[in-house]
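Chemist: sequence and computational prediction follow.
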Amino acid sequence: MRKTLMALMFAAALPTVAMAMPPEGGPMGGPGGPGFDGPGMHHRKGPMDKLNLTPEQRQQVDRLMGAQWHGRNEITQKYLAKLSAADQKAMKDEQDAARAKTQSDIRALLTPEQQKTFDQVQKDEAQRRADRAEFEAWKAQKAQKTQ
């Protein structure tokens, strides 16, 4: 019953999650990953700005850069999977510590009101990650039962 309820809740929430996803999957909201924003948005100055690209060319370059970013991420994941469990844990711990320090440094720059909002955003993101982990565990368990 609980699994059915969870699956139903996930199916009902899926359209909301899809609407909240960044366009074309870049982690900064743009198609090309960090530094590339969506149409009509400013992006970081870089070597491509010297080329004086047309909007169509810019869109195609953004798509290619996004594909490169995703491909690089897939390659990284492939090699990380080959690490020992201890090395994977050490890497994750180091990444978590670096992320926590950056968040702490950002929070220190904010006003008290901004800190409240920042804290709520962090709490919401943590809940989203926990929900996703629970869903992935449920999905893996379901896949094992069907085999």
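Modeler: Received, thanks.
Chemist: which of the helices and strands in this structure ranks last by mean pLDDT?
Modeler: helix 2-20 (a mean of 49; mean pLDDT, DSSP states H and E).
Chemist: what average pLDDT does the following helix or strand past that one get?
Modeler: Sequence order places helix 55-80 as the next helix or strand after helix 2-20, per DSSP states H and E. The pLDDT scores in helix 55-80 average 90.
Chemist: which neighbouring elements make contact with helix 55-80?
Modeler: The helices and strands touching helix 55-80, judged by 3 or more C-beta pairs under 8 Å, 6 or more residues apart in numbering; DSSP states H and E, number zero. (C-beta placed from N, C-alpha, C; glycine too.)
Chemist: contacts made by the host helix or strand of residue 89 with the rest, please.
Modeler: Taking DSSP H and E as the definition, one finds residue 89 inside helix 85-109. With contact meaning C-beta atoms under 8 Å, 6 or more residues apart in numbering, helix 85-109 is reached by 80, 83, 115, 118, 119, 122.
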